[in-house]
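Novice: What follows is a predicted structure for the sequence shown.
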Amino acid sequence: MSNSDINNFMKRALELASEALAAQEVPVGCVFTYEGTIVAESRNSVNITHNPTRHAEINCIDFLLDYCRNNNINYEHYFKDIVVFVTVEPCIMCAAALNNLKVKEVVYGCANDRFGGKTVLNVSDFYKHNYILRGHLLANEAMALLKQFYKGTNPNAPESKVKKAKQ
Amino acid sequence: MEIGPPVKKLKHSGSYCETSTDIFDRYIQLIDNKKNLKAVLSDEFDSPLKLVKVFVGHIKDVKNISKTILALNQKIPLKELQHLKRVRRQDVILCPTNFFNDTSSIQDFIECYVPELKHVFEYFKQVEVPLNPPKIDRHFQETKRIWSCNFHPNKYLEKLTGDEFFPPYDLKNHRLFMKVVFEVAKFYSIKYNIDSIDSTFKNINATIVVDPNLQTIVALSFDNRQAHPVQHSAMLAIDNVAKTQDGGVWNSKENNNEYVGVPEDVLPYLKEKFPSLKYYQKEYKNVLEDKIKSKEGPYLCTGYYIYMLREPCVMCSMALVHSRVQRVFFCIGNDECGALKSKTKLQTIASLNHHFEVFTDFL
Ligand SMILES: [Zn+2]
Ligand SMILES: [Zn+2]
């Protein structure tokens, strides 16, 4: 994978994070790649689903498990070649899920001081298989989106909706 | 429901082979006892007191004690050891030994920083004192034996660390819900013909979500990890709670069931086994809507109790943190990847934004 590919994948993840922000969701976006091609992409969808576990990574995992089932692909083999690009360091839950699925590599944007699966608790200590973890790719862009969300200053959202999201 | 005397574990004879139904029935009987549950608390509650080495000076003349304390508190305050009294009889804490490397220099240190005390001490020694403030009476008693200290008793924490936390009525309810968990697991194990079940219940789990105020089952689920590695029972249960709020993502086909969070197939079985159990119904929605409008926010498991057959893994435990559940009860420990007791204790990580209580010791 070339450096420009890697940058482009993270830029796509950032676009998805912006979509989340516009939808009053915590702005985290994610793409899963297989042999250098995007095979799944998603963003946080906790508020719309009323399910606090619907993080971008879980949505992508779900999508690919369906894909594998529908195409008779062994998901255990398939996930071993997956490289994940996510704008924020995966949380403890997502890190555990990704370790469990034995993905190859995870590249993230900014660190996750609140829930990070490395920063808050090193989840890789609990799994035999660990993915390669790299961070700080376009971290400022990822962080800027989070800051916008937590300040509730999303310029695209009507004011009432911003308030609603913060409730 | 009548509660008989605790049933002793059956002995395995070499020839007799327990079926998985037998195993579930045996556990359901074992759960039916009167022993109180135990909270799973941070390590400091069951490990010995943490100690730190300090320099202590022995004051020659008792008349100098108050003057010495005053001077020391001013010039060498003990920031990290506020819980300890500075003086015990004629011994006064000067500073932690890690203030300087050279042990012979304590006299020089005093002469340099508190010259007025340079002739006050008869001798110096190193003493180990408790590093942290005592949180419960037992710690206080232990600490006092080593050094005089301050203690602010916390009634709730005393109860939580004691042997009688739940009153009999509550205890009976918790044990009843845990029996429901095992019946759910039994039902699905038979339905899906899972016969590889042993006493560690590896690879299966069942979860129920209870609203303790309404005493109703809001949602329940049985593990589907064999088919879908993220669909552990806690993850499914959280999604089933979301369905009671017109959310949810998995198997979102129209459920004609009046109880949206409870799968249709298991319901008749549970109604027969536990005729008096109540389930969350759509009419309760007003209660839920009030809850959402309240300060608690859109975290739908706020205030709910979770009962699980096995200790949840790291993923599921963190999912329960994200869901803001109030209490988690589990029956069987999970030595491989349990994150509430066995491998780590997620509920004790101070920097996380939500902390639930965890109880176990059903058997
Ligand atoms: Zn996550
Ligand atoms: Zn799990």
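Specialist: Structure received. Ligands and ions are numbered 1, 2, ... in the order given.

Novice: For the rest of this, base every contact and every neighbour count on C-alpha atoms.
Specialist: Noted.

Novice: contacting residues for the residue nearest to B:Val62 when sequence neighbours are not counted?
Specialist: Spatial nearest neighbour of B:Val62, excluding adjacent residues (C-alpha to C-alpha, 6 or more residues apart in numbering or on different chains): B:Gln90 at 6.7 Å. Contact partners of B:Gln90, counting by C-alpha atoms under 8 Å, 6 or more residues apart in numbering or on different chains, are B:His58, B:Ile59, B:Lys60, B:Val62, B:Ile65.

Novice: Against chain A, how distant is B:Asn64?
Specialist: In this view, B:Asn64 and chain A are 49 Å apart by C-alpha to the nearest C-alpha, to the nearest Å.

Novice: same check, this time on B:Lys38
Specialist: Separation of B:Lys38 from chain A (C-alpha to the nearest C-alpha) stands at 25 Å.

Novice: Is that residue bridged to anything, and to what?
Specialist: Note on B:Lys38: beta-bridge partners B:Thr360, judged by DSSP bridges.

Novice: I'd say it and B:Lys341 touch.
Specialist: No. Using C-alpha atoms under 8 Å, B:Lys38 is not in contact with B:Lys341; the gap is 11.7 Å.

Novice: Which one's more surrounded, these two?
Specialist: Per other C-alpha atoms under 10 Å in any protein chain shown, whichever of B:Lys38 and B:Lys341 has more neighbours is B:Lys341, with 22 against 19.

Novice: Which helix or strand contains B:Val328?
Specialist: strand B:327-332 (DSSP states H and E).

Novice: Let me see the backbone angles for the residue nearest to B:Val62.
Specialist: Dihedral angles of B:Gln90 (phi, psi; degrees, to the nearest 10) stand at phi -100, psi 10.

Novice: Can you check the pLDDT for it?
Specialist: pLDDT recorded at B:Gln90 is 92.

Novice: Which strands or helices does the helix or strand hosting B:Leu320 pack on?
Specialist: Element membership for B:Leu320, per DSSP H and E: helix B:314-322. Helix B:314-322 sits against helix A:92-100, helix B:233-243, with contacts defined as 3 or more C-alpha pairs under 8 Å, 6 or more residues apart in numbering or on different chains; DSSP states H and E.

Novice: Any chance of these in JSON lines with mean pLDDT, mean neighbour count and distance to ligand 2 as columns?
Specialist: Shown next, in JSON lines, are the helices and strands packed on helix B:314-322 (pLDDT from 0 to 100; neighbours: other C-alpha atoms under 10 Å in any protein chain shown; distance: least, C-alpha to the ion, whole Å):
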{"stretch": "helix A:92-100", "mean pLDDT": "97", "mean neighbour count": "25", "distance to ligand 2": "9"}
{"stretch": "helix B:233-243", "mean pLDDT": "95", "mean neighbour count": "26", "distance to ligand 2": "7"}
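
Novice: Kindly reformat those as a markdown table containing distance to B:Asp265.
Specialist: Below are the helices and strands packed on helix B:314-322 laid out as a markdown table (distance: least, C-alpha to C-alpha, whole Å):
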| stretch | distance to B:Asp265 |
| --- | --- |
| helix A:92-100 | 28 |
| helix B:233-243 | 14 |
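
Novice: any idea how far A:Asn140 is from the closest residue to B:Lys345 other than its chain neighbours?
Specialist: Closest residue to B:Lys345 apart from its sequence neighbours, by C-alpha to C-alpha, 6+ apart: B:Ala339 at 5.4 Å. Counting by C-alpha to C-alpha, to the nearest Å, the gap from B:Ala339 to A:Asn140 is 32 Å.

Novice: where are the low-confidence patches of the chain?
Specialist: Using chain A here. Applying pLDDT under 70 to chain A flags residues A:153-167.

Novice: hm, I was asking about chain B
Specialist: B:1-16, B:101-104, B:252-256, B:282-299.

Novice: Okay, domains of it per the record?
Specialist: Domains of chain B are assigned by automatic domain parsing as B:20-41+B:164-360, B:46-160.

Novice: What distance do you get for A:Asn130 to A:Leu146?
Specialist: Distance from A:Asn130 to A:Leu146, by C-alpha to C-alpha: 27 Å.

Novice: Can you give me the neighbour number for the closest residue to ligand 2 within the stretch 1-150 of chain B?
Specialist: Proximity to ligand 2, evaluated over the stretch 1-150 of chain B using C-alpha to the ion, is greatest for B:Val40 at 18.3 Å. Using other C-alpha under 10 Å, B:Val40 has 21 other residues around it.

Novice: so how far is B:Arg327 from it?
Specialist: B:Val40 is 11 Å from B:Arg327, where distance means C-alpha to C-alpha.

Novice: same deal with A:Leu64?
Specialist: From A:Leu64 to B:Arg327 the distance is 33 Å (C-alpha to C-alpha).

Novice: Then B:Asn224?
Specialist: For B:Asn224, the distance to B:Arg327 - C-alpha to C-alpha - is 23 Å.

Novice: Also B:Ile23?
Specialist: Relative to B:Arg327, and taking C-alpha to C-alpha, B:Ile23 is found at 27 Å.

Novice: just B:Asn64 next, same as before
Specialist: Look at B:Asn64 and B:Arg327: by C-alpha to C-alpha, they are 53 Å apart.

Novice: Looking at those two, which one has more neighbours?
Specialist: Each of B:Asn64 and B:Arg327 has its neighbours counted (other C-alpha under 10 Å); B:Arg327 has more, 18 against 14.

Novice: Contact partners for A:Leu64?
Specialist: Each residue near A:Leu64 by C-alpha under 8 Å, 6+ apart is listed here: A:Val39, A:Ala40.

Novice: In terms of helices and strands, where is the residue nearest to A:Asp62 when sequence neighbours are not counted?
Specialist: With sequence-adjacent residues excluded and distances taken as C-alpha to C-alpha, 6+ apart, A:Asp62 is closest to B:Val230, at 7.9 Å. When elements are defined using DSSP H and E, B:Val230 is found to belong to no helix and no strand.

Novice: pretty sure B:Val230 contacts A:Leu98?
Specialist: No. Judged on C-alpha under 8 Å, B:Val230 makes no contact with A:Leu98 at a distance of 9.7 Å.

Novice: ok, which residues in the stretch 51-200 of chain B are in contact with chain A?
Specialist: Neighbours of chain A within the stretch 51-200 of chain B, by C-alpha under 8 Å from any C-alpha of the partner chain: none found.

Novice: Residue numbers of chain B in contact with ligand 2?
Specialist: Counting by C-alpha under 5 Å from the ion, the residues of chain B close to ligand 2 are B:His232, B:Cys313, B:Cys316.

Novice: picking that back up, and for B:Val40 and B:Arg327, which residues touch both?
Specialist: By C-alpha under 8 Å, 6+ apart, the residues touching both B:Val40 and B:Arg327 are B:Glu357, B:Val358, B:Phe359.

Novice: Quick check: the gap between the first one and ligand 1.
Specialist: In this structure, B:Glu357 and ligand 1 are 22 Å apart, going by C-alpha to the ion, to the nearest Å.

Novice: residues of the top helix by length along chain A that come out buried?
Specialist: Identified as the longest helix of chain A according to DSSP state H is helix A:3-22. Residues A:9-22 are the ones in helix A:3-22 that count as buried (16 or more other C-alpha atoms under 10 Å in any protein chain shown).

Novice: Also stretch B:144-157?
Specialist: The neighbour-count check on stretch B:144-157 (16+ other C-alpha under 10 Å) flags B:Lys144, B:Trp147, B:Ser148, B:Cys149, B:Phe151 as buried.

Novice: farthest-separated two in those?
Specialist: B:Trp147 and B:Phe151 (12.3 Å; C-alpha to C-alpha).

Novice: B:Phe140 contacts B:Phe151, correct?
Specialist: Yes. If you go by C-alpha under 8 Å, B:Phe140 and B:Phe151 touch, sitting 6.6 Å apart.

Novice: mind listing the helices in the stretch 51-200 of chain B by residue range?
Specialist: All helices of the stretch 51-200 of chain B, identified by DSSP state H, counting those that start in this stretch, fall at B:65-75, B:106-113, B:137-146, B:155-161, B:168-191.

Novice: Take the domains of chain B and write them to JSON lines, including distance to A:Asn71.
Specialist: Shown next, in JSON lines, are these (distance: least, C-alpha to C-alpha, whole Å):
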{"stretch": "domain B:20-41+B:164-360", "distance to A:Asn71": "15"}
{"stretch": "domain B:46-160", "distance to A:Asn71": "52"}
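
Novice: Many thanks, have a good one.
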